[in-house]
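Participant: Next comes the sequence, and after it the predicted model I'd like to discuss.
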Amino acid sequence: MTMKMIPLKKQSKKKQREHYAARRGTWGGLSPVTRVVKNKKGYDRKRLKEEDRKTREE
């Protein structure tokens with residue numbers, strides 16, 4: 001007896017979840033949040049303090 005291929009839409013929700021869970025991968029320790037590069041021309045108090053400390057050391 002051969003098993004017939006049943007379309008995923010006709011399978012139960014539980015079977016559909018199992019199917020998608022098996023295909024889903026991991027991010028490998030990487031955060032999926034989009035990273036944005038800071039604007040160098042924008043106001044940054046921390047950067048200004050660091051620059052001020054560097055000039056005082058010299």
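Facilitator: That came through fine.

Participant: In three-state terms, label Met5 for me.
Facilitator: Secondary structure state of Met5, per DSSP: H, G, I helix; E, B strand; the rest coil, is coil.

Participant: what's around it, how many residues?
Facilitator: Using other C-beta atoms under 10 Å, Met5 is surrounded by 6 other residues. Any C-beta I mention is one placed from the backbone N, CA and C, and that applies to glycine too.

Participant: Could you do Lys9 as well?
Facilitator: 6.

Participant: For it, which three-state class applies?
Facilitator: helix.

Participant: which regions of the protein sit below the pLDDT cut-off?
Facilitator: Along the chain, the model assigns pLDDT under 70 to residues 1, 58.

Participant: Recalculate using a threshold of 90.
Facilitator: 1-4, 24-42, 47, 56-58 (pLDDT under 90).

Participant: Where do the helices of it begin and end?
Facilitator: With DSSP state H as the criterion, the chain has helices at 13-23, 45-57.

Participant: Now do the first one: distance to the chain's middle.
Facilitator: Meaning helix 13-23. Its chain's C-alpha centre and that of helix 13-23 lie 22 Å apart, by C-alpha atoms, centre = their mean, to the nearest Å.

Participant: on that earlier part again, mind putting the helices of the chain into a markdown table with distance to Val37 and mean neighbour count?
Facilitator: What follows is the helices of the chain, written out as a markdown table (distance: least, C-beta to C-beta, whole Å; neighbours: other C-beta atoms under 10 Å):
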| stretch | distance to Val37 | mean neighbour count |
| --- | --- | --- |
| helix 13-23 | 33 | 10 |
| helix 45-57 | 14 | 9 |
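
Participant: With distance to Pro32 as new columns, can these be given to me in CSV?
Facilitator: Formatted as CSV, those follow (distance: least, C-beta to C-beta, whole Å):
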stretch, distance to Pro32
helix 13-23, 17
helix 45-57, 26
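
Participant: right, so of those helices, which gets closest to Thr34?
Facilitator: Across the helices of the chain, Thr34 has its closest neighbour in helix 45-57 (22.1 Å, C-beta to C-beta).
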